[in-house]
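Asker: missing the sequence, but the structure's below:
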């Protein structure tokens, strides 16, 4: 049995990044070489030194939606905060899995009013993991873009007044397709200029879309990792990306979301004919998993006891990852969404 407690460690509070680096590509970069067992300390703009012609950089072009909404309970008028997490049927849907605060105020059948009756949400179901399934009547998309806020992680100190710079930095520079409730944070370090420099080295780039949900970042509460249920997330992969993956000498995935999108579709990607793909994946990558597509990955420093730390441990080995994390703490790397990055070769 692989125990969740084996992937536990303590991050000093002062190393939690509440703000992004002054410049996207000026964050620090830890480079792990699996073959040599070495660890190097660089800056993210040095990452071009580790790329070569024939490489393919796979980027997740999802865009975080302004999914934080504030409404009032129809009965009594109490304030209700609703975070849209995942569209239950498709990305174009009026039915969402939501986090509600305070959740106890709402029962199945309760209605929440947003704005001047512009949108009305009805609670259909409460899930075992604490979310609520809410069906929305009215134009949710228009209202969300008018009144919603970007769902920054709760540990980030949101200023009293809206900070558009902070919200802008919580999107990648190549964010395009709306649908995520959390940013694919490994991509936050790239600038257009750095991507141009990478392409100038003969490295190709390709996009996948995986709409990141909050469930990815949640702790694993079961002691046996096999008892954890992975939530599904929506993905799209165009035909040109599939073809580029099949032709690449080395596939470098930017972020665990790109890793999951690629590995979940490995059999189809490696098939003889490339076709665009879309659907949902609940692929749960744990130590012992055999990677079929991804040769290297770029990732941030993750929370302990999460599916993310299991994934990178599956890729680089638990002992090597734990050594790297302890060294990151000693070297005062910045952790989590606005934190520093790791390149695993």
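Answerer: Structure received. Since this is a predicted model, take the numbers as computed values, not measurements.
Asker: quick one: buried residues of the helix or strand of the chain with the lowest mean pLDDT?
Answerer: Taking mean pLDDT, DSSP states H and E as the measure, the helices and strands of the chain show their lowest mean at helix 164-169, namely a mean of 87. Judged by neighbour count using 16 or more other CB atoms under 10 Å, the buried positions of helix 164-169 are 166-167, 169. C-beta: built from backbone N, CA, C; applies to glycine.
Asker: Which single one of those is nearest to residue 72?
Answerer: Of all these, residue 167 has the smallest distance to residue 72: 24.3 Å, by CB to CB.
Asker: which residues does residue 115 contact?
Answerer: Applying CB atoms under 8 Å, 6 or more residues apart in numbering, we find residue 115 in contact with 71, 143, 147.
Asker: For the residues you listed, could you give me CSV that also reports secondary structure, pLDDT and neighbour count?
Answerer: Supplementary listing: the contacts of residue 115 in CSV, determined by DSSP: H, G, I helix; E, B strand; the rest coil; pLDDT from 0 to 100; neighbours: other CB atoms under 10 Å:
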residue, secondary structure, pLDDT, neighbour count
71, strand, 96, 22
143, helix, 95, 18
147, helix, 95, 16
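Asker: will you turn the residues you listed into TSV that also has distance to residue 157?
Answerer: Formatted as TSV, these follow (distance: CB to CB, whole Å):
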residue	distance to residue 157
71	24
143	27
147	22
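Asker: with these in mind, which one is nearest to residue 312?
Answerer: So of the contacts of residue 115, ranked by how close each gets to residue 312 (CB to CB), first place is residue 147, at 37.0 Å.
Asker: Give me the nearest residue to residue 119, chain neighbours excluded.
Answerer: Nearest residue to residue 119, sequence neighbours excluded (CB to CB, 6 or more residues apart in numbering): residue 138, at 3.8 Å.
Asker: do you know how far that neighbour is from residue 232?
Answerer: Taking CB to CB, to the nearest Å as the measure, residue 138 falls 26 Å from residue 232.
Asker: what's the answer for residue 251, then?
Answerer: 23 Å.
Asker: just the helices in the stretch 51-200 of the chain please.
Answerer: In the stretch 51-200 of the chain, the helices defined using DSSP state H, counting those that start in this stretch lie at 140-147, 164-169, 192-200.
Asker: re the thing from before, isn't the residue nearest to residue 119 up against residue 118?
Answerer: Yes: here residue 138 reaches residue 118: they are 5.5 Å apart, a contact under CB atoms under 8 Å.
Asker: Could you look up the SS state of the nearest residue to residue 267 once chain neighbours are set aside?
Answerer: On the basis of CB to CB, 6+ apart, the spatially nearest residue to residue 267 that is not a chain neighbour turns out to be residue 292, at 8.0 Å. Judged by DSSP: H, G, I helix; E, B strand; the rest coil, the three-state class of residue 292 is coil.
Asker: What of residue 280?
Answerer: Three-state assignment for residue 280 (three-state DSSP): strand.
Asker: quick one, what contacts it?
Answerer: 232-235.
Asker: How much space separates residue 26 from residue 35?
Answerer: 28 Å.
Asker: Looking at those two, which one has more neighbours?
Answerer: Between residue 26 and residue 35, residue 26 has the larger neighbour count (other CB atoms under 10 Å), namely 13 against 6.
Asker: okay, now residue 36: neighbour count?
Answerer: Other residues near residue 36 come to 9 when the count uses other CB under 10 Å.
Asker: which element is it on?
Answerer: Residue 36 is part of no helix or strand, with elements assigned from DSSP states H and E.
Asker: Which parts of the stretch 1-150 of the chain are strands?
Answerer: 28-33, 38-43, 55-60, 62-64, 68-73, 79-87, 95-101, 111-114, 119-126, 132-137 (DSSP state E, counting those that start in this stretch).
Asker: Go through these and name the closest to residue 184.
Answerer: Ranking the strands of the stretch 1-150 of the chain by proximity to residue 184 (CB to CB) places strand 55-60 first, at 4.3 Å.
Asker: quick one: the closest one to chain centroid distance?
Answerer: Distance of strand 55-60 from the chain centroid (CA atoms, centre = their mean, to the nearest Å) equals 15 Å.
Asker: do the same with stretch 306-326
Answerer: Centroid separation between stretch 306-326 and its chain, computed with CA atoms, centre = their mean, is 17 Å.
Asker: Equivalent analysis for stretch 219-227, please.
Answerer: Stretch 219-227 sits 20 Å away from the centroid of its parent chain (CA atoms, centre = their mean).
Asker: buried residues in it?
Answerer: If you call a residue buried by 16+ other CB under 10 Å, then stretch 219-227 has these buried ones: 220, 225.
Asker: Please work out the average pLDDT along it.
Answerer: Mean per-residue pLDDT for stretch 219-227: 88.
Asker: Not counting it itself, show me its contacts.
Answerer: Here stretch 219-227 makes contact (CB under 8 Å, 6+ apart) with 1-5, 228, 286, 303-307, 310.
Asker: And the average pLDDT for stretch 311-323 is what?
Answerer: 98.
Asker: oh, I was asking about stretch 271-286
Answerer: Here the average pLDDT along stretch 271-286 is 89.
Asker: quick one on the thing from earlier: just checking, the residue nearest to residue 267 touches residue 265?
Answerer: No: using CB under 8 Å as the test, residue 292 is too far from residue 265 to be in contact (9.9 Å).
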